[in-house]
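>>> Here is my input, please return the structure:
(one chain, ligands or ions: 2)
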Amino acid sequence: MRSKSASSAPRTRVLTGDTPSGRLHIGHWVGSIENRVRLQDDYECYFLIANLHAFTTRADQPAEIASDTIEILKDWLAAGIDPDRATVVVQSEVPAITEITWHLSMLLPFNRVMRNPTLKDELDVKGLGDKYSFGFPLYAVGQCADILAFRPALVPVGEDQLAHIEMCREVARRFNHTYCGVDPATPDAKHVEAGGLLPIPEGLVGRVGRLVGIDGTQKMSKSLGNAIYLTDSTTQIKRKVAQIYTGRVDMNAPGDTQNALFQYVRSFVTDPARVAELEDRYRRGDAIGDGHIKVEVAAAIDTLLSPMRERRAQYDASGGEDIVLDIIRTHAARANAVAAETLGAMREAMKLRFTR
Ligand code: ATP
Ligand code: MG
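Ligands and ions are numbered 1, 2, ... in the order given. I've put the predicted structure just below:
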């Protein structure tokens, strides 16, 4: 069933997505997915699986990328994304995005792309050194195309993506100026009114912008082996939470509540009074050990994930892969209609209409 607001005025558009480089984790939940589930009621939502971007680091693993694409979609459904309300976009099924990437890449100076701090971090953390493909940095431009193809107002993301969103905003302004004659001094919110084709989108960071991994240092990330996955069992959750490193040995010594463990306390223990009590006792060194807190954190994460595990099991039991493939097929038409409309208008603005 479509949402209550579907009948009247056009709803504000939202676009965001994930790369199929592994399964979804609780960092995705607090950073972006929780917001998606909330927004799908009142906004026209497009959720994209960036399978072409997975090739930037795994071009030799097409089968894994294909199965990760299916798994991510199953995770979305399990997490509460509703295919009757939101449109699922598999990037490779929407060719307009690839052409838009080409056009936008001409509007971004090469050094501007390479200075993008998220890209630099990834090269470093993923150990890509100087051996990365030519296409790797291009994914940052591709992400601008993913977003702008759908002309959304809002992009719900984790903190690490804000640098990408900033670049996307920059290139949208430049497109509107170069090809639609929008004065560069025009405020972002007035670009469309001033004749610009592309609205300047805003990032919307979730409740926790950067959940640290169980290694206690890096961002939780599906490529770094430091994640608690949405599909993890109760036992796996307990084992992983037990590994969170704090360096604290004496439960009677004052502890630092800015450590990784307490980020998990604040992110997943739902009773604010209990969070405050744990923080207070930890700071004072009031006979409260990490082990005890970890048991509570693991239980809280398990409570969050257990309905997702159940929903996923239901999908798997009732022909999971077929359901997912069916969603991809039916939604592709809707996604292509919107992206092709954007590309058509871009081509018009760029005087690339020779055959019509
Ligand atoms: P990869 O390691 O392949 O880059 P990832 O775990 O960073 O994977 P992405 O697909 O790059 O996941 O990110 C999907 C969305 O989830 C983005 O909006 C990103 O900002 C958000 N996100 C990812 N990890 C976290 C995290 N640890 N905390 C908060 N948000 C996150
Ligand atoms: Mg990432």
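
>>> Could I get the buried residue list for stretch 69-84?
Counting neighbours by 16 or more other C-beta atoms under 10 Å, one finds that the buried residues in stretch 69-84 are 69-81, 83. Backbone N, C-alpha and C define where each C-beta goes, glycine included.

>>> tell me the two of the residues you listed that are most distant?
Farthest apart among the buried residues of stretch 69-84 by C-beta to C-beta are 69 and 80. That separation is 19.3 Å.

>>> Around ligand 1, pick out the residues from the stretch 101-250 of the chain.
157-158, 160-161, 208-211, 219-223 (C-beta under 6 Å from any ligand atom).

>>> residue ranges with poor pLDDT in the stretch 1-150 of the chain?
1-9 (pLDDT under 70).

>>> all helices for it, in order.
26-28, 34-39, 51-58, 62-79, 95-105, 110-114, 117-125, 135-148 (DSSP state H, counting those that start in this stretch).

>>> Same question for the stretch 151-300 of the chain.
Using DSSP H, counting those that start in this stretch, helices in the stretch 151-300 of the chain cover 162-180, 234-242, 260-268, 272-284, 290-317.

>>> check contacts around the residue lying closest to residue 48 once chain neighbours are set aside.
In this structure, residue 48 finds its nearest non-sequential neighbour in residue 17, 3.2 Å apart by C-beta to C-beta, 6 or more residues apart in numbering. Taking C-beta atoms under 8 Å, 6 or more residues apart in numbering as the criterion, residue 17 is in contact with 47, 48, 49, 50, 89, 91, 146.

>>> switch to 7 Å and redo it
47, 48, 49, 50, 146 (C-beta atoms under 7 Å, 6 or more residues apart in numbering).

>>> Please give me every residue in contact with the nearest residue to the fourth one once chain neighbours are set aside.
If you skip the residues right next to it in sequence, residue 50 has residue 19 as its closest partner in space, 4.6 Å away by C-beta to C-beta, 6+ apart. Going by C-beta under 7 Å, 6+ apart, residue 19 touches 50, 53, 54.

>>> Reformat the helices of the stretch 151-300 of the chain as TSV; add distance to residue 123.
Compiled in TSV, those are given as follows (distance: least, C-beta to C-beta, whole Å):
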stretch	distance to residue 123
helix 162-180	13
helix 234-242	27
helix 260-268	24
helix 272-284	36
helix 290-317	31
